[in-house]
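Undergrad: coords below, sequence missing:
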């Protein structure tokens, strides 16, 4: 449990602090929603994280939660907690734009399983969030709803594709948000905006009722303030879903029970192959300081290499682009001008990959996972890397629509995150410092399949040792 | 027909034309990956033995204490 509420600004609470404060009667759900709405009203004109705000519905849901608590009715694990979600989680009867012009008026007939589970846990859904068009960029640009802006400095990228989720959690607009992660789309906005983001093991969370991008690599997960938040969110949302036959049947452990703070003897591998190549000096310095903080709590850090990374990288680059191209083929024929320039350009490149290489990439996925685990996670519990190799880029220097010459900077953003989607490993990004321009830096921790508890335990211990996750942007 | 053979092949197989100039630049960006694949030729290939990614996920779980 968290410490009793001792702050006056309710919006600054973490998700679990807000949930616990509501459960114990320290705060009303109505007060939590009003605090969030006040932040959105005051600052979203700059950040542009919100697509749809269901103000009245949120206040009604909060009043109902307050009444339920007053009546002594059972409360869910997330009862009374205001959230907003990336606009690609379907709710029957509500527009789900997927950040696009093509689906600007799309009204799904189903509700995503993950939304149903959050509803059942008592979370309050306040609306939908800005995102990269069809979840297809790592920067947060959006030509249709306007770019989402980094709350630490609006000239800089939020990271994508879950741009509104990262920016909104950082700006204290809500306590948690669903993102999705196919090549880093949870972890990148988490690191660029200075919050915590968890991509679970491939198949860990149901994708039923969620816009697809790449069937092999898509993941559902949270952006929140702390590892404890992510643990509770995951406990509510993970687990097999009959509506998603690809979802894992692995039991869902009590993730919060793993957050003991004790990581003495935890073995952390720093993979020196690839992940530090060309990294900016401030990123390397923050990463090394983060390793020192983990050592200070008793972790043992070892430098390793992994020869499998070369093939992993090559195949990673193919799978999601080919699958994305397949999903969008009809629209690319019929409405190519309805996409942003950068997206239609990126999709177009996906049609050029030979089919045999795509099939080969899928056939090698299991063997390469086994090889990477043998090289990096045998004798180690965690692999640590910087989430983003460079300092946070500006929106201007990664804007392909304005200048196609920005292509390589745009594509480089997800270099360190994509491999873990191909490998399917649970991976978290947590804040670990700031660069010389005052923008956040992220630490990425990956574990073995279904070892979310270990990843969360390491992240939680780090957050007990440091205060980076408590920093908030001055808007 | 577009003089670029890759673009012509995409048009023939998929019925999709380059939507803008950036698409041509993006296509050129594939060259780096092609170079990498050329360099690895002989070390990469279709996995002949039956392999299943979900089985690999299960097999690679943390050892039970």
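TA: Noted; the coordinates are in hand. None of these values were measured; they are calculated from a predicted model.
Undergrad: check contacts around residue B:56.
TA: Contact partners of residue B:56, counting by C-beta atoms under 8 Å, 6 or more residues apart in numbering or on different chains, are A:365-367, A:369-370. Any C-beta I mention is one placed from the backbone N, CA and C, and that applies to glycine too.
Undergrad: Kindly recompute the last result at 7 Å.
TA: A:366, A:369-370 (C-beta atoms under 7 Å, 6 or more residues apart in numbering or on different chains).
Undergrad: Going by distance to chain B, which of these wins?
TA: Comparing the contacts of residue B:56 against chain B with C-beta to the nearest C-beta places residue A:366 closest, at 3.5 Å.
Undergrad: Okay, and which of the contacts of residue B:56 map to helices?
TA: Residues from those lying in helices, with DSSP state H as the criterion: A:366, A:369-370.
Undergrad: now, which of these sits nearest residue A:291?
TA: Checking the ones in helices among the contacts of residue B:56 against residue A:291 with C-beta to C-beta, the nearest one is residue A:369 at 24.8 Å.
Undergrad: Tell me, how many residues neighbour that closest one?
TA: Using other C-beta atoms under 10 Å in any protein chain shown, residue A:369 has 26 other residues around it.
Undergrad: Check which element follows the one helix or strand in chain B whose mean pLDDT sits lowest along the chain.
TA: Counting by mean pLDDT, DSSP states H and E, the weakest-scoring helix or strand in chain B turns out to be helix B:21-40, with a mean of 87. The helix or strand immediately downstream of helix B:21-40 is helix B:53-59, counting by DSSP states H and E.
Undergrad: buried set for that following helix?
TA: Neighbour-count burial for helix B:53-59, counted by 16 or more other C-beta atoms under 10 Å in any protein chain shown, picks out B:53, B:56-57.
Undergrad: how long is stretch A:207-215 from one end to the other?
TA: Criterion C-alpha to C-alpha, to the nearest Å; first-to-last residue distance in stretch A:207-215 is 9 Å.
Undergrad: what's it in contact with?
TA: In contact with stretch A:207-215 (C-beta under 7 Å, 6+ apart) are residues A:88-90, A:98, A:110-113, A:134-136, A:180, A:182, A:218, A:220, A:241, A:243-244, A:319-320, A:323-324, A:327.
Undergrad: now it: how far from the chain's centre is it?
TA: Its chain's average C-alpha position is 15 Å from that of stretch A:207-215, according to C-alpha atoms, centre = their mean, to the nearest Å.
Undergrad: Ok, stretch A:333-341 next?
TA: That offset, for stretch A:333-341, works out to 27 Å (C-alpha atoms, centre = their mean).
Undergrad: in that stretch, what counts as buried?
TA: A:336, A:338-341.
Undergrad: and the helix or strand harbouring residue A:20, how far out from the chain's middle?
TA: In this structure, residue A:20 sits in helix A:15-23 according to DSSP H and E. From the chain centre to the centre of helix A:15-23 is a distance of 21 Å (C-alpha atoms, centre = their mean).
Undergrad: helices or strands next to the helix or strand that it is followed by in the packing?
TA: Beyond helix A:15-23 on the C-terminal side, the first helix or strand identified by DSSP H and E is helix A:29-47. Here helix A:29-47 touches helix A:15-23, strand A:50-53, helix A:55-70, strand A:82-86, strand A:124-129, going by 3 or more C-beta pairs under 7 Å, 6 or more residues apart in numbering or on different chains; DSSP states H and E.
Undergrad: For the second one, which strands pair with it and how are they oriented?
TA: Under the criterion DSSP bridges, strand A:50-53 sits next to strand A:124-129 (antiparallel) in its sheet.
Undergrad: Just the angle for the partner strand relative to strand A:82-86, thanks.
TA: 30 degrees (axes from the mean of the first three to the mean of the last three C-alpha atoms, to 10 degrees).
Undergrad: which secondary element of chain A has the worst mean pLDDT?
TA: helix A:407-412 (a mean of 86).
Undergrad: tell me the mean pLDDT for the first helix or strand past that one going along the chain?
TA: The element immediately downstream of helix A:407-412 (helix or strand, assigned by DSSP H and E) is helix A:418-423. For helix A:418-423, mean pLDDT rounds to 98.
Undergrad: what about helix A:418-423, distance to the chain center?
TA: Worked out by C-alpha atoms, centre = their mean, helix A:418-423 lies 14 Å from the chain centre.
Undergrad: Report all helices and strands that that helix contacts.
TA: With 3+ C-beta pairs under 7 Å, 6+ apart as the test, helix A:418-423 has helix A:309-327, helix A:365-376 packed against it.
Undergrad: hmm, back to that, sort out for me which of the buried residues of stretch A:333-341 are in helices.
TA: Residues of the buried residues of stretch A:333-341 located in helices (DSSP H): residue A:341.
Undergrad: of the buried residues of stretch A:333-341, closest to chain B?
TA: Distances from chain B to those, taken by C-beta to the nearest C-beta, are shortest for residue A:336, at 4.0 Å.
Undergrad: I'd say the closest one and residue A:347 touch.
TA: No. Counting by C-beta atoms under 7 Å, residue A:336 does not reach residue A:347; the two are 8.9 Å apart.
Undergrad: is chain A contacted by the least confident helix or strand of chain B?
TA: Yes. Using C-beta under 7 Å from any C-beta of the partner chain, a contact is recorded between helix B:21-40 and chain A, made by B:21-23, B:25-27, B:29-30, B:33, B:36-37, B:40.
Undergrad: who's in contact with the residue of the stretch 51-200 of chain A found nearest chain B?
TA: Taking C-beta to the nearest C-beta, chain B has its nearest neighbour within the stretch 51-200 of chain A at residue A:200, 11.3 Å off. Shown in contact with residue A:200 (C-beta under 7 Å, 6+ apart): A:219, A:221, A:234, A:238, A:426, A:452.
Undergrad: helix or strand for the closest residue to the fourth one other than its chain neighbours, which one?
TA: In this case it means residue A:238. Among residues not flanking residue A:238 along the chain, residue A:252 sits closest, at 4.8 Å (C-beta to C-beta, 6 or more residues apart in numbering or on different chains). Using DSSP H and E, residue A:252 maps to neither a helix nor a strand.
Undergrad: Counting neighbours, what do you get for residue A:252?
TA: Residues near residue A:252, counting by other C-beta under 10 Å: 18.
Undergrad: In contact with it: list those residues for me.
TA: Residues in contact with residue A:252, defined by C-beta under 7 Å, 6+ apart, are A:235, A:238-239.
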